[in-house]
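Asks: next come a sequence and a model predicted from it.
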Amino acid sequence: MSPKHPIAYFTMFEIFRRLEELKDITSPKVVFVTGPDALKHGYGRALSWKDDTIFDRGTYSCRKELGGNRTVTKFSPANDQWVKVINMEEVVAWNSTLNVTRREKNELLHGVKHWAKVRKEKNVTSSACIDYLYYLVSVSGQ
């Protein structure tokens, strides 16, 4: 995705909106809060979502009022391998036949711990997302 792309903008806007509305951060439905559903809505808003044809393969233009001639090409991958880009130079192919859970795969690929692990380590209790962010800022002293 190119810098300042309308899909990125609307997806992040959708994620922020959903996080603001999140009443309990202990067990969020990540697919709907920050995952594919948020991307689907950002994609749809950038392309003037009128019907589901924008999800078919093809090249689509973003809304004209969003500045310029941005297009999106949607295609189906040719194989089932995951690709990770490291330092924008080295490309490592992910073998999808490796027998690991999705959670383990994400930790291996991205080095990010699953929220359930972080929640236990940090002893996070039920609260709204905005309240927890305020707490983090207040304890960090920044």
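Replies: Done, it's in. Numbers count the residues shown, from 1 in each chain.
Asks: for residue 60, see how far away residue 36 is.
Replies: Shown here: residue 36 relative to residue 60, a distance of 18 Å by CB to CB, to the nearest Å. For every residue, glycine as well, the C-beta is placed using N, CA and C.
Asks: can you report phi and psi for residue 72?
Replies: Taking degrees, to the nearest 10, you get phi -130, psi 130 for the backbone angles of residue 72.
Asks: wait, it sits on residue 62?
Replies: Yes - with contact defined as CB atoms under 8 Å, residue 72 reaches residue 62; the gap is 6.9 Å.
Asks: neighbour-wise, which of these two wins?
Replies: residue 62 (21 against 17; other CB atoms under 10 Å).
Asks: surely that one and residue 73 touch.
Replies: No - contact between residue 62 and residue 73 fails when scored by CB under 8 Å: they sit 12.0 Å apart.
Asks: for residue 36 and residue 60, indicate the residue with more neighbours.
Replies: Just comparing residue 36 and residue 60: by other CB under 10 Å the higher neighbour count belongs to residue 60, 17 against 11.
Asks: compute the number of surrounding residues for the closest residue to residue 31 other than its chain neighbours.
Replies: Spatial nearest neighbour of residue 31, chain neighbours left out: residue 37 (5.9 Å); criterion: CB to CB, 6 or more residues apart in numbering. When neighbours are defined as other CB under 10 Å, residue 37 has 15 of them.
Asks: work out for me the element residue 37 sits within.
Replies: In the assignment (DSSP states H and E), residue 37 maps to helix 36-46.
Asks: gap between that helix and the chain center?
Replies: 10 Å (CA atoms, centre = their mean, to the nearest Å).
Asks: same check on stretch 133-142?
Replies: For stretch 133-142, the separation from the chain centroid amounts to 24 Å (computed by CA atoms, centre = their mean).
Asks: same check on stretch 9-23?
Replies: On CA atoms, centre = their mean, the centre of stretch 9-23 falls 11 Å from the chain's centre.
Asks: hmm, who's touching it?
Replies: Under the contact criterion CB atoms under 8 Å, 6 or more residues apart in numbering, stretch 9-23 has outside partners 28, 32-34, 38-39, 41-43, 45-46, 128-130.
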